[in-house]
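S.K.: Task: produce atomic coordinates for the following.
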Amino acid sequence: MRYGDTTAVAGLSLTVERGTITAVLGPNGAGKTTTLETCEGYRAPQQGTVRVLGLDPRRDRKQLLPRIGVMLQDGGAWSGVRAREMLDHVARLHAHPLDTDELAGRLGLDECGRTPYRRLSGGQKQRLGLAMALVGRPELVFVDEPTAGMDPQARRTTWALLEELRADGVTVVLTTHYMDEAERLADRIHILDHGRLIASGTPLALTRGGHVATIRLVVSRPFPDGAPGALGQRLGPDTRVTQLDELSLMVVGPADSTTLATVSGWCAENDVLPESLTLGQRTLEDVFLELTGRELAP
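M.R.: Okay, here's the model as predicted:
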């Protein structure tokens, strides 16, 4: 998929298995939204093929739409409509919708049911958007940033609901900027960057590495030129050094005292003053930063 001279999706190939929660992660501009909109039938691929539940999202749109739910990033509701009016309207578009009273109660929409959409908080809009995506009993649901703007209680309620959907055999495709959310919910994670798939696997497979540890080094003034390469040479070929910004870098290597001692010694020799030096096992965020060199920011 290209927009002028910009290639948004470049030879992307991935599969989502039925009955799973799959997270699609990537920095801004990685191609996530374009990929999902193509799967949802809003865009036609310029090259390659897409199949959703065995159907072409564009050619077979009439057959596919009743079987999927889509939570749009911008809500998809009219500005002046009341929250419950919008949910009830969407429910009437489906042959066998869920009970809207029960769904609204579960997602905490009772408190804002008579509030016009434009006056809803960010979290309330997200809850309404999720309810609209689920009310038609979809086999497959696409959820874009489902808990953005939600308070902790609403966030956990949403997590529990998505996990219940998976237990009932519903397939969930999720995009999120919250690494803990992806690590908690996803059976499989696809990481995109510059329109390509750069890593794929279960959260455990992506974060484990045998006896591998992560050292986060934060300094009080910018690193000298060539710092990652110089430190990496000192540590040896089994260790990777990634500079995250001008004041921090990450070392991934053997989980032993020698690695930590070498980093400390290199700092002393190069007049680098550590502000913090943290040792721990790799998290999904560590893996993301290693692969993309960028933080996952909203």
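S.K.: So Ile198: helix, strand or coil?
M.R.: Using DSSP: H, G, I helix; E, B strand; the rest coil, the structure places Ile198 in strand.
S.K.: Let me see the contact set for it.
M.R.: 191-192, 291-292 (Cβ atoms under 8 Å, 6 or more residues apart in numbering). Yep, even glycine has a C-beta here, placed from its N, CA and C like the rest.
S.K.: With Thr278 instead?
M.R.: 215-216.
S.K.: What distance do you get for it to Met179?
M.R.: 16 Å (Cβ to Cβ, to the nearest Å).
S.K.: Next: Gly69.
M.R.: Taking Cβ to Cβ, one finds Gly69 at 24 Å from Met179.
S.K.: quick one: which of the two has more around it?
M.R.: Neighbour totals were compared for Gly69 and Met179, and Gly69 leads with 26 against 21 (other Cβ atoms under 10 Å).
S.K.: Am I right that the more buried one is in a helix?
M.R.: No - in this structure, Gly69 is strand, not part of a helix, as judged by three-state DSSP.
S.K.: doesn't Pro138 make contact with it?
M.R.: Yes - using Cβ atoms under 8 Å, Gly69 is in contact with Pro138, at 3.5 Å.
S.K.: what's the closest non-adjacent residue to the residue nearest to the spatial centre of the chain?
M.R.: Centrality entry for the chain: nearest residue to the mean C-alpha point is Thr176, 3.0 Å, by Cα atoms, centre = their mean. In this structure, Thr176 finds its nearest non-sequential neighbour in Ala182, 5.5 Å apart by Cβ to Cβ, 6 or more residues apart in numbering.
S.K.: What number of residues are in the vicinity of Tyr117?
M.R.: Count around Tyr117 with other Cβ under 10 Å applied: 20.
S.K.: Might you report the residue contacts of it?
M.R.: Counting by Cβ under 8 Å, 6+ apart, Tyr117 has contacts 75, 77-83, 86, 125, 128.
S.K.: now with 10 Å?
M.R.: 75-83, 85-86, 124-125, 128 (Cβ atoms under 10 Å, 6 or more residues apart in numbering).
S.K.: Give me the packing partners of the one helix or strand Ala131 maps to, helices and strands only.
M.R.: Using DSSP states H and E, Ala131 sits in helix 122-134. The elements that helix 122-134 packs onto, with contact taken as 3 or more Cβ pairs under 10 Å, 6 or more residues apart in numbering; DSSP states H and E, are strand 68-71, helix 83-92, helix 100-106, strand 140-144, helix 152-167.
S.K.: re earlier: can I get the buried part of the contacts of Tyr117 as one PyMOL selection?
M.R.: To isolate the buried members of those in PyMOL, using 16 or more other Cβ atoms under 10 Å:
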select buried, resi 75+76+77+82+83+85+86+124+125+128
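S.K.: Among the contacts of Tyr117, name the least confidently predicted one.
M.R.: Least confident of those in the model: Gly75, at 68.
S.K.: Please verify my assumption that the residue nearest to the centre of the chain contacts Thr22.
M.R.: No - using Cβ atoms under 10 Å as the test, Thr176 is too far from Thr22 to be in contact (11.5 Å).
S.K.: how about the nearest residue to Leu25, chain neighbours excluded?
M.R.: Leu25 sits nearest to Ile191 (Cβ to Cβ, 6+ apart), 5.0 Å away.
S.K.: so what's the one you found up against?
M.R.: Counting by Cβ under 10 Å, 6+ apart, Ile191 touches 23-27, 30, 32, 182, 197-201, 206, 284, 287-288, 291-292, 296.
S.K.: Which members of those occur in strands, if any?
M.R.: Judged by DSSP state E, strands contain the following of those: 23-25, 197-201.
S.K.: any chance of these in TSV, plus pLDDT?
M.R.: What follows is those, written out as TSV (pLDDT from 0 to 100):
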residue	pLDDT
Ala23	97
Val24	96
Leu25	95
Leu197	95
Ile198	94
Ala199	93
Ser200	94
Gly201	92
